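Chemist: Provided below are the primary sequence and the corresponding predicted coordinates.
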Amino acid sequence: DAKTTQPPSMDCAEGRAANLPCNHSTISGNEYVYWYRQIHSQGPQYIIHGLKNNETNEMASLIITEDRKSSTLILPHATLRDTAVYYCIVLLSSGTYKYIFGTGTRLKVLA
Amino acid sequence: DAGITQSPRHKVTETGTPVTLRCHQTENHRYMYWYRQDPGHGLRLIHYSYGVKDTDKGEVSDGYSVSRSKTEDFLLTLESATSSQTSVYFCASRQGGFLNTEAFFGQGTRLTVV
């Protein structure tokens, strides 16, 4: 099973870009990388996902390295409301599609 | 967002009693999941379902059972609750058959076993 490794915590100044890294060195060729965030004790919220190309939506950008062993989630202009725990997940392709979470990165956006 | 609701939202129960948590989704999603979240552990997968009557164990399944008799409902049962099962429980659902569909999460159930 592909595992992910993320730094436990990061700080970012409000208005600056937040760059959250994730290592997934054992990822298989057809496994997607997903990002979620959890604000306070709410249910996790989907942010973005990708396979091999960079992706962008209204919330964030996802940069996946060419060898697919790591990725970076970019919040272009972080706000205080982006303070949350961010989870990087690899969707297993074993046929049953388990979602296994790691411990995530606690991002604190500073005023 | 997908319509996914958990009930109850809060529950206090005594050690040794059975407890059932319900997850209900209105999106006809094939896959459903139960997680628990404890301080310092992130979300850990308890059980998941890949169709009606099709379920499998996750990372921390001991002491839990599940049932899925209808597409929309996924029940998590603690047969005999213990204090170690005090936690926040989240369920999730996602469309089936493709790798590129996101999961939608409920708002959680806070369970306290005293």
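Modeler: Structure received. Residues are numbered from 1 along each chain as shown, chains lettered A, B, ... in the order given.
Chemist: closest point of chain B to chain A, which residue?
Modeler: Scanning chain B for the residue nearest chain A gives residue B:105, at 3.3 Å (criterion: CB to the nearest CB). Every residue, glycine included, has its C-beta placed from N, CA and C.
Chemist: okay but that residue is in contact with residue A:43, surely?
Modeler: Yes: with contact defined as CB atoms under 8 Å, residue B:105 counts as touching residue A:43 (3.3 Å).
Chemist: Who are the contact partners of the residue nearest to the spatial centre of chain B?
Modeler: In chain B, the C-alpha closest to the average C-alpha coordinate belongs to residue B:34, at a distance of 2.7 Å (CA atoms, centre = their mean). When the contact criterion is CB atoms under 8 Å, 6 or more residues apart in numbering or on different chains, the partners of residue B:34 are B:21, B:23, B:45-48, B:58, B:64, B:66, B:74, B:76, B:89-91.
Chemist: Angles on the backbone of the residue of chain B closest to chain A, please.
Modeler: phi -110, psi 150 (degrees, to the nearest 10).
Chemist: quick one on the thing from earlier: columns pLDDT on top of the contacts of residue B:34, output as JSON lines?
Modeler: Formatted as JSON lines, the entries for the contacts of residue B:34 read as follows, by pLDDT from 0 to 100:
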{"residue": "B:21", "pLDDT": "98"}
{"residue": "B:23", "pLDDT": "98"}
{"residue": "B:45", "pLDDT": "92"}
{"residue": "B:46", "pLDDT": "96"}
{"residue": "B:47", "pLDDT": "96"}
{"residue": "B:48", "pLDDT": "93"}
{"residue": "B:58", "pLDDT": "91"}
{"residue": "B:64", "pLDDT": "98"}
{"residue": "B:66", "pLDDT": "98"}
{"residue": "B:74", "pLDDT": "98"}
{"residue": "B:76", "pLDDT": "98"}
{"residue": "B:89", "pLDDT": "98"}
{"residue": "B:90", "pLDDT": "97"}
{"residue": "B:91", "pLDDT": "97"}
